[in-house]
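In: sequence unavailable; structure follows:
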């Protein structure tokens, strides 16, 4: 195989896939139950929770599809293959969520003005089962998956937590209707869920747009990267630096590095190894560096005009 740093990744990859598959099946089945329950009991809270679960099973399904498609490309360190599909899908998912939320707001507004009859006992039962289902799924995702790094798994996990709250809302609303006959508890619970749906939809959309726009990965400190590169012996300056995400948890970097004149091929290779090694520690595994000698004039590059100034100042202090 010849790439040691990917072992951990491959292991969590398999676990992630399994966690997603199990969660996907459970969620989808229960979502159907909840939709039917919502129509039979005439509860908007259940329907909105089902809407949230739909978004859930969609995001789990997307994560799954992304994993399966991503595997189709034998050597994904060289080309992105289907990796970007994951991000596009996450964006569509986010947009769907926003639409669902708007629909629930509209429907709830109708119900506040004219609350219909709700079969509260059935609502209570469906809501309670829902709560347990969500707890189960959350537990599977947490135990198996890598919820910190992978954008899709994180989205899925946040959805499931939102679902739990949705089920709790439905349960409380059902109890209020049963004991006090407060018909408005049902649309109120659905509005609360809709707000959650809206927030998570907005967040997912924003994050995926950031990746699609080739924004610098959130957890990477550009200043730190620049200093790291400049501190590698033999590198006099860098310009045209770009850092971006291929997909969540896989970051790439490209730059031009200015080095001394007439370095041998071996010395250049050693330099490049050093660069790869240092950046590997910072979580960047796809590195492209173009070496140029210092007599080569710099082109103007947006990112690096400022940096070049600093670079020159540094270099005067400690010339080797």
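Out: Nice, I can see it. On a predicted model such as this, the values are computed, not experimentally measured, just so you know. Numbering: from 1, shown residues only.
In: ends of stretch 179-193, how far apart?
Out: End-to-end distance for stretch 179-193: 22 Å, by CA to CA, to the nearest Å.
In: where do the helices sit along the stretch 151-300 of the chain?
Out: Chain-ordered helices for the stretch 151-300 of the chain, with DSSP state H, counting those that start in this stretch as the definition, fall at 151-180, 185-212, 222-230, 265-281.
In: CSV please, covering these and showing mean neighbour count.
Out: For glycine as for every other residue, the C-beta is placed from the backbone atoms N, C-alpha and C. As requested, the helices of the stretch 151-300 of the chain are exported to CSV (neighbours: other CB atoms under 10 Å):
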stretch, mean neighbour count
helix 151-180, 23
helix 185-212, 21
helix 222-230, 15
helix 265-281, 14
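In: include distance to residue 59 and mean pLDDT when you put these into TSV, please.
Out: Converted to TSV, the helices of the stretch 151-300 of the chain look like this (distance: least, CB to CB, whole Å; pLDDT from 0 to 100):
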stretch	distance to residue 59	mean pLDDT
helix 151-180	5	84
helix 185-212	8	86
helix 222-230	30	87
helix 265-281	30	86
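In: looking at those, which is nearest to residue 97?
Out: helix 185-212 (2.8 Å; CB to CB).
In: do you know how far residue 184 is from residue 194?
Out: In this view, residue 184 and residue 194 are 15 Å apart by CB to CB, to the nearest Å.
In: do the same with residue 267
Out: To residue 194, residue 267 is 62 Å away according to CB to CB.
In: hey, which strand is longest across the chain?
Out: The residue-count maximum for a strand in the chain (DSSP state E) belongs to strand 235-247.
In: burial measure for residue 132, as a count.
Out: By other CB atoms under 10 Å, 12 other residues sit near residue 132.
In: could you give the angle of the helix or strand that contains it to helix 151-180?
Out: Secondary-structure element containing residue 132, defined by DSSP states H and E: helix 120-144. Between the axes of helix 120-144 and helix 151-180, defined by axes from the mean of the first three to the mean of the last three CA atoms, to 10 degrees, the angle is 150 degrees.
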